[in-house]
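S.K.: Build me a model from this:
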Amino acid sequence: MNLKIKFLKFKRDLNRWSLLLLLILGIVTIPILTIGLKLFDGPGESWTHIVDYLLYDYLENSILLAVFCSFIVIVFGVSTAWLVSRFDFPMRKQLEWLLILPLSVPAYIMAYAYAGVFGYSGLLQNLTEKLGFDNFSIDIMNIYGLSFVLSMSLFPYVYVSSRTFFLAQATNLLEASRMLGISEFKSFFKLIFPLARPAIVAGLVLVLMEVLNDYGAASYYGVNTFTTGIFRSWFSLGEPETAIYLSAILLMIVFGLILLEKWQRRHLSFSSPKSSKKNYNSRIKPRKKNQILFSIFCSIPVLLGFIIPVIQLLIWTKQTFSRVWNIEFISITLESFVIAFITSCVTVIFALLLLFFSRWNKIDLLKTSSKLGILGYAIPGVIIAIGVLIPSLTLDKWLIEHKITSKLILNATLIALIYGYVVRFLAVAYQPLESSSLKIDRSLSDSSKVLGEGNFKTFFRIEFPLIRTGLLSAFILVFIDILKELPLTLIMKPYNVNTLAVKAFEYASDEMVSSAALPSLLIILTALIPAIFLNKLLLKNASDS
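M.R.: Residues are numbered from 1 along each chain as shown. Below you'll find the model as predicted:
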């Protein structure tokens with residue numbers, strides 16, 4: 001009887017929006033389902049060899065990278081976020097946004113730059129020779145160098161999440177601890193750091209997912225990871241089955257990280273009583289000596305994560321500009337921007353459909369399951385690429401066999417590439433749109449519907465104009481992520497299409513790393529836009545608190 005009542009309720013609540021929501025969810029979850037189903041086909045011939053000789057290496061290197069990067073990003077990310085949020089010192093306002101800039105430098109580009117800085121006749125060698133040290137060199141092309149490069153590129157994730165918490169944190173408890181004679185140093189480790197743990201872990205999980213997704217830097221530095229192993233199995237060995245098995249292991253690690261982050265939020269979420277607005281963001285002016293030390297310390301990650309790599313790229317650009325800047329390069333630049341523009345538009349549309357179909361649908365289960373559609377960002381690009389290529393090739397073969405078409409119309413085409421991007425970056429568009437839509441007074445939409453207007457008319461006349469800021473944010477963020485994406489693009493791009501990211505990788509792989517500077521700089525300059533925008537958003541949210 002209970003089951004019958006539930007079925008009748010489900011049948012009553014089922015509407016066209018529910019069906020359309022299921023369609024959207026089905027489209028964006030195909031790659032993940034493909035990986036799961038293909039596991040039943042068994043591994044390739046080389047699987048036993050990989051398990052015996054390479055799997056431990058992949059696992060060990062991935063764990064070491066995760067440990068080293070976690071330590072570095074927490075040290076730099078949390079400490080700098082606390083200093084700029086709590087203290088007043090010279091260059092603090094400038095450092096607030098400068099500390100976000102390393103996010104604009106993709107890890108693989110930073111890897112190329114530091115290979116030049118520490119390489120023969122690089123910045124380091126030239127500097128040491130002027131200081132009288134001959135033949136001084138540091139080998140960075142190893143797992144330790146890779147950890148450093150990845151950390152310097154990714155620490156802003158922890159910086160941003162920690163600083164968001166610190167800016168929104170009431171100062172009552174800190175003031176109470178000061179009245180009790182407890183030092184700032186002790187208050188931070190005994191009080192603030194435990195309170196900030198959920199925010200820190202949230203940023204750290206993003207860092208670790210990016211570390212696991214990296215291919216360009218790991219490949220260039222010769223470090224075997226799961227991502228390089230998947231590429232090797234797919235391209236060198238020609239065994240998609242083996243690549244799928246490695247992808248499944250990597251997928252389990254990623255989902256483990258997601259569960260860890262959820263567990264942290266559930267068990268380690270803290271709050272403190274809010275103080276008056278006057279107490280928010282009140283900063284202490286330390287002694288002159290400490291002010292200088294704080295300025296120097298906060299400048300170190302900016303120097304290492306942005307200034308030095310960009311200087312190296314500028315030097316290379318000056319040396320190679322006449323050789324790299326040609327009609328082909330201009331064409332590649334235009335292709336990159338056009339692909340990013342079209343895909344950003346499609347991704348934002350999909351995010352809007354997912355968000356509003358979920359709201360217009362009346363089935364509670366589907367409202368919660370709609371979050372499955374944004375899991376793609378948590379999954380490495382190489383896994384999504386494999387999950388798209390296999391079903392698209394299968395569908396193309398079916399169409400050719402039934403004489404519906406005579407050639408491939410999905411596999412290795414722009415359609416498949418754009419689809420892969422949409423699945424990967426749907427969450428990037430969804431989050432700002434959801435945040436903007438939550439600020440809309442629901443009574444406006446309800447009033448429109450009471451007056452007889454449907455969901456679509458209500459959306460275009462009332463809701464759409466109110467979420468334009470979220471739409472612009474979503475478009476910009478997706479555009480930059482697509483421009484920077486390497487692993488997915490490398491696997492899925494058509495033969496006659498190229499992007500700035502792939503061109504930079506090709507130059508570096510062909511031992512022409514200096515030629516990779518110009519495309520790398522273009523990516524960085526474009527990516528600076530959301531970095532500056534993010535800082536303004538943080539300050540706005542803090543002032544609104």
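
S.K.: Would you mind writing the CA trace of the host helix or strand of residue 227 as PDB?
M.R.: For residue 227, the element it lies in under DSSP states H and E is helix 226-231. Written as PDB, here are the backbone C-alpha positions of helix 226-231 (Å, rounded to 0.1, in the frame of the first residue of the first chain):
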ATOM      1  CA  PHE A 226      47.900   7.900 -13.300                       C
ATOM      2  CA  THR A 227      47.200  10.500 -15.900                       C
ATOM      3  CA  THR A 228      50.400   9.900 -17.800                       C
ATOM      4  CA  GLY A 229      49.700   6.100 -17.500                       C
ATOM      5  CA  ILE A 230      46.300   6.600 -19.100                       C
ATOM      6  CA  PHE A 231      47.700   8.600 -22.000                       C
END
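
S.K.: list the helices and strands the helix or strand following it packs on?
M.R.: Note on helix 226-231: by DSSP H and E, the next helix or strand toward the C-terminus is helix 240-267. Helix 240-267 is packed against helix 16-38, helix 47-53, helix 193-213, helix 226-231, helix 381-401, with contacts defined by 3 or more Cβ pairs under 8 Å, 6 or more residues apart in numbering; DSSP states H and E. Yep, even glycine has a C-beta here, placed from its N, CA and C like the rest.

S.K.: Residue 509: which of the ones you listed is closest?
M.R.: helix 226-231 (11.9 Å; Cβ to Cβ).

S.K.: and that closest one, what's its mean pLDDT?
M.R.: Regarding helix 226-231, the rounded mean pLDDT is 91.

S.K.: Now do that helix: which elements does it pack against?
M.R.: helix 55-86, helix 193-213, helix 216-221, helix 240-267, helix 381-401, helix 487-492.

S.K.: okay, these in CSV with mean neighbour count, distance to residue 117 and mean pLDDT next?
M.R.: Formatted as CSV, the helices and strands packed on helix 226-231 follow (neighbours: other Cβ atoms under 10 Å; distance: least, Cβ to Cβ, whole Å; pLDDT from 0 to 100):
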stretch, mean neighbour count, distance to residue 117, mean pLDDT
helix 55-86, 20, 17, 93
helix 193-213, 21, 21, 84
helix 216-221, 24, 14, 93
helix 240-267, 18, 30, 79
helix 381-401, 20, 27, 88
helix 487-492, 25, 24, 90
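
S.K.: what residues are up against the nearest residue to residue 380 once chain neighbours are set aside?
M.R.: With sequence-adjacent residues excluded and distances taken as Cβ to Cβ, 6 or more residues apart in numbering, residue 380 is closest to residue 213, at 3.9 Å. Residues near residue 213 by Cβ atoms under 8 Å, 6 or more residues apart in numbering: 227, 380-382, 487.

S.K.: one more time with 10 Å
M.R.: Residue 213 sits next to 107, 225-227, 250, 254, 377-384, 424, 485-488 when contact means Cβ atoms under 10 Å, 6 or more residues apart in numbering.

S.K.: And it, how close does it get to residue 62?
M.R.: Separation of residue 213 from residue 62 (Cβ to Cβ, to the nearest Å): 11 Å.

S.K.: Then residue 433?
M.R.: 33 Å.

S.K.: Compare the helices and strands packed on helix 226-231 and give me the one nearest residue 156.
M.R.: helix 55-86 (7.1 Å).

S.K.: Now do the closest one against helix 193-213, angle only.
M.R.: 140 degrees (axes from the mean of the first three to the mean of the last three Cα atoms, to 10 degrees).

S.K.: could you check the angle helix 240-267 makes with helix 55-86?
M.R.: Using the same axes, to 10 degrees: helix 55-86 against helix 240-267 is 40 degrees.

S.K.: Check the offset of the next helix or strand after helix 55-86 from the chain's centre.
M.R.: Next along the chain after helix 55-86, taking DSSP H and E as the criterion, comes helix 92-98. Relative to its parent chain, helix 92-98 has a centroid offset of 22 Å by Cα atoms, centre = their mean, to the nearest Å.

S.K.: do stretch 52-62 as well
M.R.: So, by Cα atoms, centre = their mean, the centroid of stretch 52-62 is 25 Å from its chain's centroid.

S.K.: Can you name the residues in contact with it?
M.R.: 46-47, 49-50, 143, 146, 208, 211-212, 218, 223-230, 232-233, 245-246, 249-250, 253.

S.K.: hmm, try it at 7 Å
M.R.: With contact meaning Cβ atoms under 7 Å, 6 or more residues apart in numbering, stretch 52-62 is reached by 143, 212, 223-226, 229.

S.K.: Now the buried members of these.
M.R.: 143, 212, 223-226, 229 (16 or more other Cβ atoms under 10 Å).

S.K.: Now render those as a markdown table, adding distance to residue 87.
M.R.: As requested, the buried ones among the contacts of stretch 52-62 are arranged in a markdown table below (distance: Cβ to Cβ, whole Å):
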| residue | distance to residue 87 |
| --- | --- |
| 143 | 35 |
| 212 | 35 |
| 223 | 38 |
| 224 | 43 |
| 225 | 38 |
| 226 | 41 |
| 229 | 45 |
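
S.K.: now, which of the residues you listed sits nearest residue 465?
M.R.: Distances from residue 465 to these, taken by Cβ to Cβ, are shortest for residue 212, at 40.0 Å.

S.K.: Does that closest one touch residue 250 like I think?
M.R.: Yes: counting by Cβ atoms under 7 Å, residue 212 does reach residue 250; the two are 6.3 Å apart.

S.K.: residues shared between the contacts of the two?
M.R.: Joint contacts of residue 212 and residue 250 (Cβ under 7 Å, 6+ apart) are 226, 380.

S.K.: As a markdown table, the helices and strands packed on helix 240-267 with distance to residue 345 would be great.
M.R.: Listed next are the helices and strands packed on helix 240-267 as a markdown table, based on distance: least, Cβ to Cβ, whole Å:
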| stretch | distance to residue 345 |
| --- | --- |
| helix 16-38 | 16 |
| helix 47-53 | 40 |
| helix 193-213 | 24 |
| helix 226-231 | 29 |
| helix 381-401 | 19 |
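
S.K.: distance of residue 219 from residue 233?
M.R.: 14 Å.

S.K.: Relative to residue 314, which of the helices and strands packed on helix 226-231 is closest?
M.R.: helix 216-221 (20.0 Å).

S.K.: Tell me which of the helices and strands packed on helix 240-267 sits nearest to residue 102.
M.R.: helix 193-213 (11.8 Å).

S.K.: now, which of the contacts of stretch 52-62 sits nearest residue 323?
M.R.: Of the contacts of stretch 52-62, the one sitting nearest to residue 323 (Cβ to Cβ) turns out to be residue 223, at 29.7 Å.

S.K.: From what I see, that closest one and residue 143 are in contact.
M.R.: Yes: shown here, residue 223 and residue 143 form a contact pair, counting by Cβ under 7 Å, at 5.1 Å.

S.K.: helix/strand/coil for residue 408?
M.R.: Each residue gets one of three states, and residue 408 gets coil by DSSP: H, G, I helix; E, B strand; the rest coil.

S.K.: The residue nearest to it when sequence neighbours are not counted: what's it in contact with?
M.R.: Residue nearest to residue 408 in three dimensions, not counting chain neighbours: residue 396, with 4.6 Å by Cβ to Cβ, 6+ apart. Neighbour list for residue 396: 408-411 [criterion: Cβ under 7 Å, 6+ apart].

S.K.: quick one: residue 393 from residue 492, how far?
M.R.: Residue 393 is 12 Å from residue 492, by Cβ to Cβ.

S.K.: which SSE is the residue nearest to residue 210 when sequence neighbours are not counted in?
M.R.: Leaving aside its sequence neighbours, residue 210 sits nearest to residue 154 (Cβ to Cβ, 6+ apart; 5.5 Å). For residue 154, the element it lies in under DSSP H and E is helix 143-168.

S.K.: quick one: average confidence on that helix?
M.R.: 89.

S.K.: Please state the offset of the helix or strand hosting residue 186 from the chain centre?
M.R.: Assessed by DSSP H and E, residue 186 sits inside helix 184-187. Put simply, helix 184-187 sits 33 Å off its chain's centre (Cα atoms, centre = their mean).
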